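Visitor: Need a 3D model of the sequence below.
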Amino acid sequence: MKTQNAVITTILAIIFLCVSQISFAQFDIQGKVQKKVDKKIDEKIDNTIDNGIDGVFKKKDRDKKDDSEEEEDTKTEDDDMVDSESEETETEVEEEVKPADKQKLESYSKYDFIPGDQILFFEDFSQDAVGDFPALWTSNGGGEVKTVNIATGKWLHMNGSDAMYSYLNEIKFPTNFIIEFDIIPDAIFAHGYQLTLYNDPENKEMNNTLYPGVEGVNIDFWADGWSTKAYRNNEDWIEGESKINPVEKEVVNHVIIWVQNRRVRIYHAGAKVLDVPTNLHNGTVFNRMRFSGWDRNAFPLFTNLKITTAAPDMRSKLLTEGKLVSYGIYFDSGKDVVKPESYGSLKEIAAVLTENPTVNIQIVGHTDSDGDDAMNLDLSKRRAANVKNSLVNDFGISTDRIQSDGKGESVPLIPNTSVENKAKNRRVEFIKL
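Guide: Predicted coordinates:
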């Protein structure tokens with residue numbers, strides 16, 4: 001009897017031991033799965049932080065399906081692995097798009113400038129051979145036209161020590177104008193560079209003094225800010241200074257300077273960085289311009305130098321004359337994406353349409369004659385369509401009020417015989433229907 005009891009006790013002990021081992025095994029498996037899930041989530045968080053993306057945690061109902069294609073596209077392999085290992089896990093990591101991936105038009109809402117409907121000057125060195133000094137410029141130092149790996153087009157590398165780079169011809173600046181250019185500061189740009197607009201009655205091709213002519217203004221762009229210094233007869237200084245959004249080294253910077261009578265405004269990287277209401281001497285006129293590295297250890301590259309009249313009466317042009325020619329809608333070369341610098345022009349057009357709800361328009365894109373005819377036609381159509389999309393999506397104009405079309409190079413304003421003429425033919429027109 002004792003033997004039988006002992007056998008029964010042994011069997012029960014074995015059964016208990018087996019059950020315990022199975023339970024512990026199941027617990028261990030679940031623990032490993034959970035640890036793996038937690039590890040994947042931790043890795044996801046670390047990757048999110050490392051990539052500079054803000055991670056956000058959200059609880060989701062697994063029975064509901066998200067119809068958004070954008071969220072479906074951003075689902076990663078790690079998310080799939082977590083889902084397959086634990087169907088009961090409700091917490092997952094979602095990635096937000098980097099701000100640098102797409103510059104939003106709204107971020108440039110402080111741009112209140114609008115280029116005029118007349119181009120007074122344009123230079124992109126397209127007529128010059130790479131390796132040469134540009135034909136329409138002069139210098140007391142070195143320099144050569146180059147291409148760069150971070151942007152399209154040709155650039156003048158101002159690589160002379162303490163050198164001046166002057167445009168050879170006289171430019172008759174109006175009292176209200178906008179000057180724009182792209183510049184790539186080099187790695188040692190700390191001491192900055194200078195654009196000088198001045199009045200030289202003698203109209204010399206080169207003047208290597210710090211304050212050329214009888215009056216003018218030096219506009220300095222540094223690695224840590226901006227400064228302006230107006231002068232008359234080499235004295236009577238009027239100065240301005242700002243630390244907002246300085247130019248960045250070794251990247252393309254688009255700088256805009258608006259001169260309106262005595263007022264000087266500078267725009268860069270989505271903001272108005274300097275605004276001095278009385279920065280010029282009363283009655284100042286300009287007829288020359290130059291870049292200079294006067295006593296500076298810096299060798300930047302620049303291109304796309306454009307001077308336009310400023311602030312056309314968009315309301316009158318569109319409503320009364322029936323057509324507005326705009327040079328204030330910006331695109332990269334060969335691209336159809338509307339650049340954020342276009343905000344000021346688009347905002348004004350949207351305001352006219354909002355205040356006149358019965359007015360409908362057609363947007364027509366135009367190109368110059370460079371490149372293939374068919375490609376230019378397609379590009380002009382896509383650009384016009386994207387301008388329409390911006391007015392609809394960013395400014396709330398009804399899509400039914402806007403038509404879009406493109407003419408490519410088929411309707412030039414003037415013959416495409418010079419760099420400046422080609423710039424005038426690259427335009428967006430708004431036509432009242």
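Visitor: How far off centre is stretch 352-372?
Guide: On the basis of C-alpha atoms, centre = their mean, to the nearest Å, stretch 352-372 sits 22 Å off its chain's mean C-alpha point.
Visitor: Flag every buried residue along it.
Guide: Buried positions in stretch 352-372, judged by neighbour count with 16 or more other C-beta atoms under 10 Å: 352-353, 361-369. From N, CA and C alone the C-beta is placed, and that goes for glycine too.
Visitor: what do you get for stretch 153-162?
Guide: By 16+ other C-beta under 10 Å, the buried positions in stretch 153-162 come out as 154-160.
Visitor: what's the answer for stretch 227-243, then?
Guide: Quick answer for stretch 227-243 (16+ other C-beta under 10 Å): 227-232, 238, 240, 242.
Visitor: same question, stretch 324-335
Guide: Those would be 324-331, for stretch 324-335 by 16+ other C-beta under 10 Å.
Visitor: Quick one: end-to-end length of that stretch, please.
Guide: By C-alpha to C-alpha, to the nearest Å, the extent of stretch 324-335 from end to end equals 22 Å.
Visitor: Show me how far that stretch is from its chain's centre.
Guide: A distance of 13 Å separates the centroid of the chain from that of stretch 324-335, by C-alpha atoms, centre = their mean.
Visitor: go on, stretch 274-290?
Guide: The answer for stretch 274-290 is 27 Å, by C-alpha atoms, centre = their mean.
Visitor: swap in stretch 237-249?
Guide: So, by C-alpha atoms, centre = their mean, the centroid of stretch 237-249 is 19 Å from its chain's centroid.
Visitor: Please apply the same query to stretch 130-144.
Guide: 28 Å.
Visitor: what's the average pLDDT for it?
Guide: For stretch 130-144, mean pLDDT rounds to 95.
Visitor: Now the terminal residues of that stretch, how far apart.
Guide: This stretch, stretch 130-144, spans 7 Å end to end (C-alpha to C-alpha).
Visitor: What residues of that stretch count as buried?
Guide: Under 16+ other C-beta under 10 Å, the buried positions of stretch 130-144 are 134, 137-139, 141, 143-144.
Visitor: Go through these and flag which are in strands.
Guide: Using DSSP state E, 137-139, 144 are the members of the buried residues of stretch 130-144 that sit in strands.
Visitor: Quick check: the two most widely separated of those?
Guide: T138 and E144 (13.7 Å; C-beta to C-beta).
Visitor: Other residues contacting the stretch of helix or strand F291 belongs to?
Guide: Assigned by DSSP states H and E, F291 belongs to strand 288-292. Identification of contacts with strand 288-292 by C-beta atoms under 8 Å, 6 or more residues apart in numbering yields 158, 163-167, 170-171, 179, 193-200, 203, 207, 212-213, 302.
Visitor: ok, now stretch 426-433?
Guide: 318-319, 322-327, 329, 349, 359-368, 383-384, 387, 403, 413.
Visitor: Is the closest residue to I397 other than its chain neighbours in a helix, a strand, or coil?
Guide: In this structure, I397 finds its nearest non-sequential neighbour in L391, 4.5 Å apart by C-beta to C-beta, 6 or more residues apart in numbering. Classification of L391 using DSSP: H, G, I helix; E, B strand; the rest coil returns helix.
Visitor: List the contacts of L391.
Guide: Contact analysis of L391 by C-beta under 8 Å, 6+ apart lists 346, 349-350, 353, 397, 402.
Visitor: repeat that for 7 Å
Guide: By C-beta atoms under 7 Å, 6 or more residues apart in numbering, L391 lies in contact with 346, 349-350, 397, 402.
Visitor: any chance of those residues in TSV, plus neighbour count, pLDDT and distance to L120?
Guide: Shown next, in TSV, are these (neighbours: other C-beta atoms under 10 Å; pLDDT from 0 to 100; distance: C-beta to C-beta, whole Å):
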residue	neighbour count	pLDDT	distance to L120
L346	22	94	23
I349	28	95	22
A350	17	95	27
I397	20	97	31
I402	21	98	30
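Visitor: And the furthest pair within those residues?
Guide: The distance between the two most remote of those (C-beta to C-beta) is 12.0 Å, for L346 and I402.
Visitor: okay, now the closest residue to N207 other than its chain neighbours: neighbour count?
Guide: Counting by C-beta to C-beta, 6+ apart, D200 is the residue found nearest to N207 once chain neighbours are left out, at 6.3 Å. Residues near D200, counting by other C-beta atoms under 10 Å, number 18.
Visitor: Quick check, D200 in contact with N287.
Guide: Yes - at 6.5 Å, D200 and N287 qualify as touching, with contact defined as C-beta atoms under 7 Å.
Visitor: sec struct for A374, please.
Guide: Quick answer, by three-state DSSP: A374 is helix.
Visitor: So for it, what's the pLDDT?
Guide: So A374 comes in at 96 (pLDDT).
Visitor: And for it, the neighbour number?
Guide: Neighbourhood size, A374 [other C-beta under 10 Å]: 9.
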